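[1] Generate coordinates for the sequence data below:
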Amino acid sequence: MACRISELVIDCRDPQRLAEFWCEVLDFVVLDTDDDGSVEIGPREGFGGLQPTLVFSPTTEPRRGLLPLHFDVNATDRDQDAELERLLALGARPADVGQTGEESWHVLADPEGNEFCLLRTRLS
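    Model (predicted):
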């Protein structure tokens with residue numbers, strides 16, 4: 001038997017704002033809010049499914065440099081250009097991590113500057 005990733009915990013300054021942003025990006029819902037201000041989001045079917053939940057945990061520590069981990073996302077119901085427009089309207093912004101401009105993906109940052117990539121392939 002193997003392990004499976006069930007949750008990803010992201011330290012952030014404004015858990016509620018990031019939860020709202022990522023709920024819109026991923027079509028997730030808020031599953032739980034803790035007394036410490038942490039917010040857990042995930043698929044509508046809840047914890048334990050095929051997709052891990054995301055826990056946004058409050059911190060006052062400043063972020064240093066690029067994240068050692070980032071998300072790659074794919075559109076599910078539109079092409080990459082239309083999804084890019086949607087993500088930018090939600091509050092994502094272009095990010096420069098040294099790409100050449102020839103990549104088939106877009107590097108973006110969420111409202112707190114956490115980098116993520118929008119890939120070209122559409123998933124069903």
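
[2] going forward, measure contacts and count neighbours with C-alpha atoms only.
    Will do.

[3] in the chain, what spans have low per-residue confidence?
    Residue ranges of the chain with pLDDT under 70: 1.

[4] mind checking the SS state of the residue nearest the centre of it?
    In the chain, the centroid-proximal residue (Cα atoms, centre = their mean) is residue 22; its distance is 5.1 Å. Of the three states, residue 22 takes helix under DSSP: H, G, I helix; E, B strand; the rest coil.

[5] residues contacting it?
    residue 28 (Cα atoms under 8 Å, 6 or more residues apart in numbering).

[6] same thing but at 10 Å, please
    Residue 22 sits next to 28-30, 41-42, 54, 87, 90, 110-111 when contact means Cα atoms under 10 Å, 6 or more residues apart in numbering.

[7] what's the answer for residue 119, then?
    Counting by Cα under 10 Å, 6+ apart, residue 119 makes contact with 72-75, 80, 83-84, 103-107.

[8] From these, which land in strands?
    Per DSSP state E, strands hold the following members of the contacts of residue 119: 72-73, 106-107.

[9] What remains of those if I keep only buried residues?
    Neighbour counting by 16 or more other Cα atoms under 10 Å classes 73, 106-107 among the ones in strands among the contacts of residue 119 as buried.

[10] Just give the number of residues close to residue 53.
    Neighbourhood size, residue 53 [other Cα atoms under 10 Å]: 23.

[11] now swap in residue 50 and tell me
    Residue 50: 12 neighbours (other Cα under 10 Å).

[12] in terms of contact, does it touch residue 44 like I think?
    No: using Cα atoms under 10 Å, residue 50 makes no contact with residue 44, being 11.6 Å away.

[13] Burial check on residue 32, number of neighbours?
    11.

[14] Assign a three-state SS to it, would you?
    What three-state DSSP gives for residue 32 is strand.

[15] Can you tell me how far it is from residue 42?
    9 Å (Cα to Cα, to the nearest Å).
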